[in-house]
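# Structure for this input, please:
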Amino acid sequence: MRLGSARGRHPNWSHPDHDACGTGFVTRLGGAPSYEIIHISLTALERLTHRGGVDADGASGDGAGLLTSLPQKFFRERTRELQIELPEHFGVGCAFLPGSATTEFRAAIEIAADTGRLRVLGWRRVPVNVNALGRKALETMPEIWQFFVAASDGAKEAEGFERRLMLLRKRAESLMPPRCYLSSLSSRTIVYKGLLTPWQFPQFYEDLRDPSFAVAFAVFHQRYSTNTQPSWDLAQPFRYVA
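Residues are numbered from 1 along each chain as shown. Here you go, the predicted structure:
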């Protein structure tokens, strides 16, 4: 660009990094799971507050979330409390549900799982702190559930199991009632997200304050909604990142 051509222009107009979502990635060489990765990711996410939008109520964010490796130790401890026995290989689904559709959604998951030679081992209501939410986020908040899946035929091949979980999600999406949404369904990763600001995010999800939530990596995201209205399902858009 010639120097004269920039006259009268804002210095950031030609730069792509403004008025857009903030995102980042944290891991540790060697891949050892650690709660420190969650702590660092939440700190980094909070420092991206300026990259996200906020509703007119001044408290409901456009969305924030984490995609992490599956915290095996954490879920084995939580399911033990619920008397759910997890096998060596298991998947975890995370779902947003309108309260009136819980029974119908569970039936859809069971049907889809049976078709894919999978079985649902049990369900867990995700513990949350609604006092952390802004008015709009609270008014539109879904019920948040997790469910645990294993192969009914004893298959142990990791790649094949992950593919079957992906197909389970696609089948379930064609069967489940309106306004139900699967944030993630995997044996490798899990998504926590919501219509939250970065500082509200760890206050809302109690799981993220548990030191046993040890992960090998985390992708964090703060949303700046440009062409859609903010919503719980559109927060943190990643299910799978290479």
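
# Now do the same for K73: its pLDDT.
K73 is assigned 95 on the pLDDT scale.

# That one: what's it in contact with?
33, 212, 214 (C-beta atoms under 8 Å, 6 or more residues apart in numbering). From N, CA and C alone the C-beta is placed, and that goes for glycine too.

# What separation do you get for it and E88?
From K73 across to E88, the span is 14 Å (C-beta to C-beta, to the nearest Å).

# Which residues are in contact with L208?
38, 42, 66, 192, 201-202.

# Next step: those residues restricted to strands.
Secondary structure from DSSP state E places 66, 192 of the contacts of L208 in strands.

# and the contacts of K73, which are buried?
33, 214 (16 or more other C-beta atoms under 10 Å).

# From the contacts of K73, pick the one nearest N131.
Using C-beta to C-beta, S212 is the member of these that lies nearest N131, at 23.8 Å.

# would that closest one count as being in a strand?
No - going by DSSP: H, G, I helix; E, B strand; the rest coil, the assignment for S212 is coil, not a strand.

# give the contact list for the closest residue to it other than its chain neighbours.
Among residues not flanking S212 along the chain, F74 sits closest, at 4.7 Å (C-beta to C-beta, 6 or more residues apart in numbering). Contact partners of F74, counting by C-beta under 8 Å, 6+ apart, are 207, 210, 212-214.

# for E162, same thing?
91, 186-188.

# Would you state the strands of the protein in chain order?
22-27, 64-69, 91-97, 118-125, 143-151, 181-186, 189-194, 217-222.

# partners of the last one in the sheet?
To tie it back to what came earlier, the one meant is strand 217-222. Note on strand 217-222: by DSSP bridges, its sheet partners are strand 22-27 (antiparallel), strand 64-69 (antiparallel).

# what are the C-alpha coordinates of the first one, in CSV please?
In other words, strand 22-27. Taking C-alpha atoms only, strand 22-27 is exported to CSV below (Å, rounded to 0.1, in the frame of the first residue of the first chain):
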residue,chain,number,x,y,z
GLY,A,22,-11.5,-14.4,20.9
THR,A,23,-10.1,-18.0,21.1
GLY,A,24,-7.0,-19.8,22.2
PHE,A,25,-5.5,-23.2,23.0
VAL,A,26,-3.6,-24.5,26.1
THR,A,27,-1.8,-27.8,26.5
